[in-house]
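J.: Turn this into a model:
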Amino acid sequence: MSVFALSSTRFLIGNIYEFLQVASVLSLLLLLFKAAQFYLQRQWLLRATQQFPSPPSHWFFGHKIPKDRELQEVLKQIVNFPSAYPQWIWGSKVRLQVYDPDYMKLILGRSDPKSHGSYRFLAPWIGYGLLLLNGQPWFQHRRMLTPAFHHDILKPYVEIMADSVRVMLDKWEQIVGQDSTLELFQHITLMTLDTIMKCAFSHEGSVQLDRKYKSYIRAVEDLNNLSFYRVRNFFHQNDIIYNLSSNGRQAKNACQLAHDHTDQVIKSRRAQLQDERELEKVKKKRKLDFLDILLFARMENRSSLSDEDLRAEVDTFMFEGHDTTASGVSWIFYALATHPEHQQRCREEVQSLLGDGTSITWEHLDKMPYTTMCIKEALRLYPPVPGVSRELSTPVIFPDGRSLPKGITVVLSFYALHHNPSVWPNPEVFDPSRFAPEASRHSHSFLPFSAGARNCIGKQFAMNELKVAVALTLLRFELLPDPTRIPVPTARLVLKSKNGVHLRLKKLQ
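T.: Numbering: from 1, shown residues only. Model (predicted):
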């Protein structure tokens, strides 16, 4: 080797060595900075939540919660920690779990934004529609969309809901024999998607008879799971790391499937409105359907609603309008199956009202009081949305004198509230009399659709669909539990069962 080559090699090695030294020092400084940041954040959170005792937790890993046992873990703490307790996700992230009606009333009466740390991961999927918007933009969108849920709009939907339920029941008659067991959730999800597509998005054709919609439902299920787990994964908080992970790639693919579906829905309705007769028919309506409100707002005032805003609202309502209702119907069926005496009483009430069930109308929905009581009691035990979270924009003082500073995340656990023995005596007992007209309860003890300004905009739509589904199903089937497959409630954006909802269906003669 020449002297020149040897000198160059030594020079290169020296430079590499110096670079590695600098990189090591910078890495160490970064690590020290992150450690200091972690320590200071943890100390602030400890001081902020010091008035609220909590079970022991690890200084770094937080509270160790077994996978898919989050709901059960919160219920374990209710007796020891009245009203609320801090739950540590990891050492520098904590949220106050709340299950007291007075606490609920106070928080839901404020205007705190949705928790950024919990909800921002939904943005690539559903965008910034009603669920994720805050402040004035949320208020404008809410005011624009409220007319879509006026009773004049909801009345004709009852017939559409009934048709969708009948399609589902017809399929059940074909695929089940006497005393057959069926996993209901997938079938009910197709039915509720069918309903929302026809009612809110003017879809023509049957979602339940077209296999292509199963890919959208699967995408929603994947996104439901992936977003839930991402919130709880320390390393997946960073977008770059998450996007490189297998979960991140799966989420991206599922988002694309979901967006392809909603884009096609928007495109199809826009094409229909190009027909002058269809456009004239829509303009003559006193109230517009959900998607038509969005499309007309976009056409008439482009500055108020962008294409991105439009799709975000469609993505949001497409998801919320079918998945939460499917959860509600599934759990109501399970509750009735496990309480046959109440199921039979509901059936007799429906039979006396509807006869053979060939027709169900808006007027019928308020004439089934006992069935409604049973539906509400099932929603108490199995609220479709197990909880929501808020990030305090200003300090708060709770009715018992305890307080929290600005910046703390508060989780309003509707599931824990509904199972709180100090609010509901014998909370695990299915007792529809809790919702008898003469029964009294705290205004914020029963919150299946949340409360306050940000309550569920579609709650009346959902309750109507629940009543129609229960009434028509009880006329044709007896619901019986499958003792070998008892559903296990598990927290997601929507309350699901870890092992599905399996029931035996017995065709009524």
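
J.: give me every residue that touches the closest residue to residue 436 other than its chain neighbours.
T.: In space, and not counting its chain neighbours, residue 436 is closest to residue 373: 6.4 Å by C-beta to C-beta, 6 or more residues apart in numbering. Glycine gets a C-beta too; all of them are placed from N, C-alpha and C. By C-beta atoms under 8 Å, 6 or more residues apart in numbering, residue 373 lies in contact with 432-436.

J.: surely residue 290 meets residue 148?
T.: Yes: the pair residue 290 and residue 148 passes the contact test of C-beta atoms under 8 Å, sitting 4.3 Å apart.

J.: Find residues that contact each of these two.
T.: Shared contacts of residue 290 and residue 148, defined by C-beta under 8 Å, 6+ apart, are found at residue 200.

J.: okay but residue 119 is in contact with residue 132, surely?
T.: Yes: with contacts counted by C-beta under 8 Å, residue 119 reaches residue 132, the gap being 5.6 Å.

J.: pLDDT wise, what is residue 33 at?
T.: In the prediction, the pLDDT value recorded for residue 33 is 87.

J.: for the one 5 residues further on, same thing?
T.: Looking at residue 38, its pLDDT is 89.

J.: Residue 503 looks like it's in a strand, true?
T.: Yes: counting by DSSP: H, G, I helix; E, B strand; the rest coil, residue 503 falls inside a strand.

J.: How about residue 321: what's its closest non-neighbour residue?
T.: Spatial nearest neighbour of residue 321, excluding adjacent residues (C-beta to C-beta, 6+ apart): residue 196 at 4.0 Å.

J.: same check, this time on residue 78
T.: If you skip the residues right next to it in sequence, residue 78 has residue 420 as its closest partner in space, 5.6 Å away by C-beta to C-beta, 6+ apart.

J.: and the one you found, what is it in contact with?
T.: 78, 99-100, 427.

J.: returning to what we had before: quick check on the contacts of residue 373: which are buried?
T.: Neighbour-count burial (16 or more other C-beta atoms under 10 Å) applied to these gives 432, 434-435.

J.: Report how many residues lie close to residue 69.
T.: Counted with other C-beta atoms under 10 Å, the burial measure for residue 69 works out to 15 neighbours.

J.: Please disregard the earlier target; I meant residue 346.
T.: Around residue 346 there are 23 other residues, counting by other C-beta under 10 Å.

J.: ok so, going back, a markdown table please, covering the buried ones among the contacts of residue 373 and showing secondary structure and pLDDT.
T.: What follows is the buried ones among the contacts of residue 373, written out as a markdown table (DSSP: H, G, I helix; E, B strand; the rest coil; pLDDT from 0 to 100):
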| residue | secondary structure | pLDDT |
| --- | --- | --- |
| 432 | helix | 98 |
| 434 | helix | 98 |
| 435 | helix | 98 |
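
J.: Count the residues that sit near residue 484.
T.: By the other C-beta under 10 Å criterion, the neighbourhood of residue 484 contains 7 residues.

J.: can you pull out the helices in the stretch 401-509 of the chain?
T.: Ranges of helices within the stretch 401-509 of the chain are 414-418, 459-476, based on DSSP state H, counting those that start in this stretch.
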